[in-house]
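[1] here you go, sequence then predicted model.
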Amino acid sequence: MPILALLAGLSPAMPAVTAASAPGQVTIYRCVGADGQLTLRDTPCAAGEHQQARGMLRPQDPPPQPPAAAPA
């Protein structure tokens, strides 16, 4: 029975991890340590930290601007 509880607890994070495998997606891990310190990272949390994973769109730079014309 404890295994079912563990799997049920992980299920909200699973869709985010699966969705992050799509192109243009990135997985962000929200980690809370035993001391309550919050960190955001792109790798899974360390042992003993509470973890939430979210799939997000990867930021993109805007297209380059054409060079400005020189004043005449």
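    Noted; the coordinates are in hand.
[2] where along the protein do the strands fall?
    25-32, 38-41, 50-57 (DSSP state E).
[3] which stretch among these comes nearest residue 72?
    With CB to CB, the closest approach to residue 72 among the strands of the chain belongs to strand 50-57: 42.8 Å. C-beta here means a position set from N, CA and C on the backbone, and glycine is covered the same way.
[4] so what secondary structure elements neighbour that closest one?
    Here strand 50-57 touches helix 13-19, strand 25-32, going by 3 or more CB pairs under 8 Å, 6 or more residues apart in numbering; DSSP states H and E.
[5] averaging pLDDT over each of those, which comes out lowest?
    Ranked by mean pLDDT, these bottom out at helix 13-19, with a mean of 44.
[6] the closest residue to residue 31 other than its chain neighbours: how many residues sit nearby?
    Distance criterion CB to CB, 6 or more residues apart in numbering; nearest residue to residue 31, sequence neighbours excluded, is residue 45 at 3.7 Å. Residue 45: 17 surrounding residues under other CB atoms under 10 Å.
[7] fine by me, thanks again.
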